[in-house]
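>>> show me the folded form of this:
(one chain, ligands or ions: 1)
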Amino acid sequence: MSGTLVLVRHGQSDWNLKNLFTGWRDPDLTDLGVQEANAGGKALADYGIKFDVAYTSSLIRAQRTCQMVLDNVGQSNLETIRDEALNERDYGDLSGLNKDDARAKWGEDQVHIWRRSYDIPPPGGESLRDTGARVWPYYLTEILPRVLRGEKVLVAAHGNSLRSLVMVLDKLSKDEILKLNLATGVPMVYKLNADSTVASKDVLGDMSAAH
Ligand SMILES: O=C(O)[C@H](O)COP(=O)(O)O
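I've put the predicted structure just below:
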């Protein structure tokens, strides 16, 4: 057995609440988002984990979630590395549009394909494959080596940047990834084998609450 990798999606953001495509835009957490981030941190405190390092994106909703998790596990001053490689998928021309308005304009099926398919990008934006093409090299060069050294690593990021990681860790097919939604503030605890495959996965919360 090697180290531990904890993935957590940020708590609800202001634009999640307003039902707007967000991507690389930078809204803050809502009050509910703060509660979700704290609940995720409390679940990790109850799990009994102490981290060696934390990674987050360049966006405020993930950074604040990261800090709240660390506060809850009693590690407020832990080394935290921010990198835009972990940012949300770029939603391109959809950024800032209402998701229901987009469904009315382009149809339910097309919008679902843009939101959840593996390789079809929204107009002017990134597909999940494009997102993975920047998340994975960062994971492989910066994060995984620390896990393989036996460290416990927190990654607080975004619905789709984390889906691109989960797809590979959980060996999901293109069809299976279409159905995967990650709930806000629910930590996923992966223990990795020395060959970087997954030895175990614990989900600390209700992933079915995802929207
Ligand atoms: O960027 C966004 O709008 C959200 O963070 C994730 O959106 P999605 O659920 O449509 O992928």
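
>>> alpha carbons only for contacts and neighbour counts from here, please
Noted.

>>> give me the contacts around the lowest-mean-pLDDT helix or strand in the chain.
None of the helices or strands of the chain scores lower by mean pLDDT, DSSP states H and E than helix 174-178, at a mean of 90. Outside helix 174-178, the residues within contact range by Cα atoms under 8 Å, 6 or more residues apart in numbering are 113, 116, 117, 118, 163, 167.

>>> so the fifth one touches residue 179, yeah?
No. Using Cα atoms under 8 Å, residue 163 and residue 179 do not qualify as a contacting pair, with a distance of 10.6 Å.

>>> tell me where the protein has helices.
14-17, 31-47, 60-72, 99-106, 108-116, 128-138, 144-148, 159-169, 174-178 (DSSP state H).

>>> only alpha carbons, please: show the shortest one as PDB.
What follows is the C-alpha trace of helix 14-17 in PDB, where atoms were taken according to Å, rounded to 0.1, in the frame of the first residue of the first chain:
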ATOM      1  CA  ASP A  14     -22.900  31.600  -6.200                       C
ATOM      2  CA  TRP A  15     -23.100  30.600  -9.900                       C
ATOM      3  CA  ASN A  16     -24.100  27.000  -9.000                       C
ATOM      4  CA  LEU A  17     -27.000  28.500  -7.100                       C
END
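
>>> thinking again about what came up before, so the least confident helix or strand of the chain, near the ligand or not?
No. Shown here: helix 174-178 not in contact with the ligand (Cα under 6 Å from any ligand atom), separated by at least 10.6 Å.

>>> now stretch 120-129
No. Applying Cα under 6 Å from any ligand atom, one finds stretch 120-129 out of contact with the ligand, separated by at least 9.4 Å.

>>> can you give me the buried ones in that stretch?
120, 121, 122, 125, 126, 127, 128, 129 (16 or more other Cα atoms under 10 Å).

>>> residues of this structure that sit close to the ligand?
Residues of the chain lying near the ligand (Cα under 6 Å from any ligand atom): 20, 21, 22, 23, 115, 159, 160.
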